[in-house]
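J.: Provided below are the primary sequence and the corresponding predicted coordinates.
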Amino acid sequence: MRISVQTARFDPAAELAQFGGPHAGAIVTFTGIVRDDTGTMQALELEHYPGMTEAAMTRIAEEASARWSLSDVLVIHRVGRLAVGEPIMMVATAARHRQAAFAAAEFMMDYLKSRAPFWKKQIGPEGAHWIAAKSTDEEALNRW
């Protein structure tokens, strides 16, 4: 299991090449990319609470690992200023069977999106503004 909060850009293919292991029959990955929903966004800035963020991410990964008997878990989340099109985060799960790998990845994404302590600020031509949490992110947790 590897959990990382970092400012440095990462290469999803390079991360995947180091992931898995001999007991994995399935590997599922998700890479989030900074997107511009407005057509005017210049950057996204993420802040976090060091120590608290890593602990929350680790708890989520440990729960998924135990619940779906994962053989490996990877969570990378970037902080700092990110440009549109850059990778912002990656989740990878490895399990003996695809159903477990898919379910664990979805579970982790839903919980990371709503429970990991990150704060996002959108930067555009009119300045910066904080991005509010979405009710749909909270609703996604109900299925777990």
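T.: Sure, I can see it.

J.: and stretch 82-95, which residues are buried?
T.: By 16 or more other CB atoms under 10 Å, the buried positions in stretch 82-95 come out as L82, P87, I88, M89, M90, V91, A92, T93, A94, A95. (Glycine included, C-beta is placed from N, CA and C.)

J.: Out of the residues you listed, list just those in strands.
T.: Among those, the members falling in strands (DSSP state E) are L82, P87, I88, M89, M90, V91, A92, T93, A94, A95.

J.: export those residues to JSON lines and tack on distance to S135 and pLDDT?
T.: Putting these into JSON lines (distance: CB to CB, whole Å; pLDDT from 0 to 100) gives the following:
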{"residue": "L82", "distance to S135": "25", "pLDDT": "98"}
{"residue": "P87", "distance to S135": "26", "pLDDT": "97"}
{"residue": "I88", "distance to S135": "21", "pLDDT": "97"}
{"residue": "M89", "distance to S135": "21", "pLDDT": "97"}
{"residue": "M90", "distance to S135": "25", "pLDDT": "98"}
{"residue": "V91", "distance to S135": "22", "pLDDT": "98"}
{"residue": "A92", "distance to S135": "28", "pLDDT": "98"}
{"residue": "T93", "distance to S135": "26", "pLDDT": "98"}
{"residue": "A94", "distance to S135": "32", "pLDDT": "98"}
{"residue": "A95", "distance to S135": "31", "pLDDT": "98"}
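
J.: Would you mind measuring from the most centrally placed residue in the chain to S69?
T.: Centroid-nearest residue in the chain: M89, 4.4 Å away (criterion: CA atoms, centre = their mean). Separation of M89 from S69 (CB to CB, to the nearest Å): 24 Å.

J.: Also A100?
T.: To S69, A100 is 6 Å away according to CB to CB.

J.: Those two: which has the busier surroundings?
T.: More crowded of A100 and S69, by other CB atoms under 10 Å: A100, with 21 against 12.

J.: quick one: the helices in the chain?
T.: Using DSSP state H, the helices of the chain run over 12-17, 52-68, 98-115, 135-140.

J.: Any chance you could list what contacts the longest one?
T.: Which is helix 98-115. Outside helix 98-115, the residues that touch it by CB atoms under 8 Å, 6 or more residues apart in numbering are 24-30, 56-57, 60-61, 63-65, 67-70, 73, 75, 77, 89, 91-95, 133, 137-138, 140-141, 143-144.
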